[in-house]
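In: Structure, please.
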Amino acid sequence: MYVCVCHAVTETEVAASVESGASTVEAVGDYTGAGTSCGTCHDHIDEVILGCAATCALAEACVPERSFAG
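Out: Reported below is the predicted structural model:
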């Protein structure tokens, strides 16, 4: 699904930019170009950012800590 029609940026591409460190609409724009034209997609980009953050938080909470004995 396209998040940004102006630059043909998909939800998957936005999520990948968030996983690479983008945490704001502006940062996603730097990575993908999304949100840098008309701005209609800013709310959707925010939703993807929040969704990724929630998913990452759950994943970190569910991964048991590992101990490496040497």
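
In: from here on, contacts and neighbour counts on C-alpha atoms
Out: Noted.

In: Could I get the buried residue list for the lengthiest helix in the chain?
Out: Assignment by DSSP state H gives helix 42-62 as the longest helix of the chain. The neighbour-count check on helix 42-62 (16 or more other C-alpha atoms under 10 Å) flags 42, 44, 45, 46, 48, 49, 50, 52, 53 as buried.

In: Need the residues you listed in a markdown table (columns: distance to residue 15).
Out: Listed next are the buried residues of helix 42-62 as a markdown table, based on distance: C-alpha to C-alpha, whole Å:
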| residue | distance to residue 15 |
| --- | --- |
| 42 | 14 |
| 44 | 11 |
| 45 | 9 |
| 46 | 11 |
| 48 | 6 |
| 49 | 7 |
| 50 | 10 |
| 52 | 7 |
| 53 | 10 |
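
In: Check those residues against residue 19 and report the nearest one.
Out: Of all these, residue 52 has the smallest distance to residue 19: 7.6 Å, by C-alpha to C-alpha.

In: which residues touch the closest one?
Out: Applying C-alpha atoms under 8 Å, 6 or more residues apart in numbering to residue 52 gives the contacts 15, 18, 19.

In: What distance do you get for the spatially closest residue to residue 42 that is not a sequence neighbour to residue 6?
Out: Setting aside the residues directly before and after it, residue 42 is nearest to residue 35 in space (C-alpha to C-alpha, 6 or more residues apart in numbering), at 5.8 Å. Distance from residue 35 to residue 6, counting by C-alpha to C-alpha, to the nearest Å: 8 Å.

In: Same drill for those two, tell me which one is more crowded.
Out: Neighbour totals were compared for residue 35 and residue 6, and residue 35 leads with 25 against 16 (other C-alpha atoms under 10 Å).
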